[in-house]
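Structure for this input, please:
(chains A, B, C and D)
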Protein chains: 2
Amino acid sequence: MSKKEKIEICHCNIIHNDIVEEVRKLLPGNDVCINLAEFYKAFADQTRLKILKALLHSEMCVCDLTAALGMTQSAISHQLRILKNMKLVKYRKAGKVIYYSLDDNHIKDIFKAGFDHINE
Amino acid sequence: MSKKEKIEICHCNIIHNDIVEEVRKLLPGNDVCINLAEFYKAFADQTRLKILKALLHSEMCVCDLTAALGMTQSAISHQLRILKNMKLVKYRKAGKVIYYSLDDNHIKDIFKAGFDHINE
DNA sequence: TTTATATATGAGCATATGTTCATATGTAAA
DNA sequence: TTTACATATGAACATATGCTCATATATAAA
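Numbering: from 1, shown residues only, chains lettered A, B, ... in the order given. Below you'll find the model as predicted:
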């Protein structure tokens, strides 16, 4: 490999070719990474975190969530749509009221790992 | 409670006062939520995800990471700084070369939960 | 049918985020 | 000390994100 080629890759020499090759094979494809990042994004915002934490306690209607979080109904509704698209919450209608609940079993695990981290 | 007061809270009537009260007490404080959201943000980006996944395999220098991910050295370095600030990676110097490695035991758990979710 | 209530949604705006480019810093070799 | 290389960093830019405001939709009650 000429010096020029190395520079084209990373502006410096590759130190450990074996590790680089292994890691290249090991890394998930771009589509998987996009989905994974999308999933974690759900937890990367205070409002969504609170919504998920609240729904971990019990199913709630939009109005309950609005009151519990002390935010506008519009803000809650927008975030619920995002969580719904991510398949993290589901809903059921009861007349005018719409009840949201969790739609993923791994949310508890994610919370646990998060709390463990910040409590270190 | 007058109608006016209700409107000030959420523009609609509170449906389940008991649940709202319980959830209010149960929700983590704002500071905790900020820290939690910060932690999850580390995983909410493709590049950082790949870096963490790579370091899960073995410690790597910046140049290795740059080559393995096929990105610019600058981009990698900026993201490493973020991960360092979040206490997710640590580093050791060896002459000119700086080796990064994971600094958190829960990263594996987070990955597992993420993969479990997208594989459902 | 009219009115009220619960929720959803589009547009606009301010802020945050991720990358690139240029360059600085630090360390080792010549 | 000079040169080369590994890494870090600031500025700029484009895009993404989250909220608010106004308004739409849907359902139930009057």
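
The residue nearest to residue A:114 when sequence neighbours are not counted and residue A:44, how far apart?
Leaving aside its sequence neighbours, residue A:114 sits nearest to residue B:36 (Cβ to Cβ, 6 or more residues apart in numbering or on different chains; 4.9 Å). From N, CA and C alone the C-beta is placed, and that goes for glycine too. Going from residue B:36 to residue A:44 by Cβ to Cβ, to the nearest Å gives 9 Å.

More neighbours: which of those two?
A count of neighbours by other Cβ atoms under 10 Å in any protein chain shown puts residue B:36 above the other of residue B:36 and residue A:44, at 23 against 19.

What is the subsequent helix or strand relative to the lowest-mean-pLDDT helix or strand in chain A?
When the helices and strands of chain A are scored by mean pLDDT, DSSP states H and E, helix A:3-10 comes last with a mean of 39. Per DSSP states H and E, the first helix or strand lying C-terminal to helix A:3-10 is helix A:17-26.

Low-confidence bits of chain A, can you list those?
Where chain A drops to pLDDT under 70, the residues are A:1-12.

so where do the strands sit in it?
A:60-61, A:89-94, A:97-102 (DSSP state E).

Note down every partner strand of the last one and its orientation.
Translated: strand A:97-102. strand A:60-61 (antiparallel), strand A:89-94 (antiparallel) (DSSP bridges).

so, in contact with DNA strand D or not, the shortest one?
The one in question is strand A:60-61. No: using Cβ under 7 Å from any atom of the strand, strand A:60-61 stays clear of DNA strand D, coming no nearer than 13.0 Å.

what's that strand in contact with?
A:54, A:68, A:97-101, B:15-16, B:19, B:23 (Cβ atoms under 8 Å, 6 or more residues apart in numbering or on different chains).
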